[in-house]
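Peer 1: Sequence first, predicted model second:
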Amino acid sequence: MGLGRTAFSSSRPAPPLMLTNGSNAPGAASAHARAVSAGEQMPGGALAVMGQSIFGGRLTRLTSGFKSKSEQELEREKKRQEAENGTPVPLEWQVEKYEKGLNKSHEAYLKRLERESQAARAQKQGEMARCLAMAPPPPPPGGGGGGPSSSSSGSDLPELVGMPLWGLRR
């Protein structure tokens, strides 16, 4: 008996075992077996092959329409977090809202400064008008209108002649 024959086989020989999966490329059969049994996406972007459909096509995660329990749990978790946090607001909208508030407070600050400066100007003008409206001060008592060099007999101040502070030096 030769190779490929068993005790229960017929007289004709069995076809040889195909290790190449019908391809001449070495390792093609083992790569196909790994792809079928892996159950996840292969490196290089190939879709995971889940099996064959009853119509003869390949079933992949993309076309099967069903999600695994872990994927369903992730979706539930995301929905729960969004419900807790409210709907997410884009960062651009948050920045615009902050800038509007900042501009509004800056404009209010400038208006307050303008009002304060106008009030200060009005107060200063009022003081000047009051000072100008007042009567001039009366002349000093003792009549005359002369300066310190004029000698008046009715003056209470002593006559300062010479160097009055000369005696303090000694």
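Peer 2: Sure thing, it's come through. Numbering: from 1, shown residues only.

Peer 1: Which parts of this structure belong to which domain?
Peer 2: Domain assignment for the chain by automatic domain parsing gives 18-88, 91-133.

Peer 1: Please render the ones you listed as a markdown table that adds mean pLDDT and distance to residue 165 to the earlier fields.
Peer 2: The C-beta positions use only the backbone N, C-alpha and C, and glycine is treated the same way. Shown next, in a markdown table, are the domains of the chain (pLDDT from 0 to 100; distance: least, C-beta to C-beta, whole Å):
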| stretch | mean pLDDT | distance to residue 165 |
| --- | --- | --- |
| domain 18-88 | 71 | 87 |
| domain 91-133 | 95 | 37 |
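
Peer 1: Out of the ones you listed, which gets nearest to residue 156?
Peer 2: With C-beta to C-beta as the criterion, residue 156 lies closest to domain 91-133 of these, at 30.6 Å.

Peer 1: is it possible to export the domains of the chain to a markdown table including mean neighbour count and distance to residue 157?
Peer 2: Listed next are these as a markdown table, based on neighbours: other C-beta atoms under 10 Å; distance: least, C-beta to C-beta, whole Å:
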| stretch | mean neighbour count | distance to residue 157 |
| --- | --- | --- |
| domain 18-88 | 11 | 88 |
| domain 91-133 | 10 | 30 |
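
Peer 1: so which of these gets nearest residue 140?
Peer 2: Closest approach to residue 140 among these (C-beta to C-beta): domain 91-133, 20.4 Å.

Peer 1: Break down the chain into its strands, ranges please.
Peer 2: 49-52, 58-60 (DSSP state E).

Peer 1: top helix in this protein by residue count?
Peer 2: In the chain, taking DSSP state H as the definition, the longest helix is helix 91-133.

Peer 1: name the helices or strands packed onto that helix?
Peer 2: Based on contacts counted as 3 or more C-beta pairs under 8 Å, 6 or more residues apart in numbering; DSSP states H and E, there is no element that helix 91-133 packs against.

Peer 1: now the domains of the chain as CSV including distance to residue 142?
Peer 2: CSV is the format used below for these (distance: least, C-beta to C-beta, whole Å):
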stretch, distance to residue 142
domain 18-88, 88
domain 91-133, 26
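
Peer 1: residues in contact with residue 80?
Peer 2: By C-beta atoms under 8 Å, 6 or more residues apart in numbering, no residues touch residue 80.

Peer 1: What separation do you get for it and residue 70?
Peer 2: Separation of residue 80 from residue 70 (C-beta to C-beta, to the nearest Å): 16 Å.
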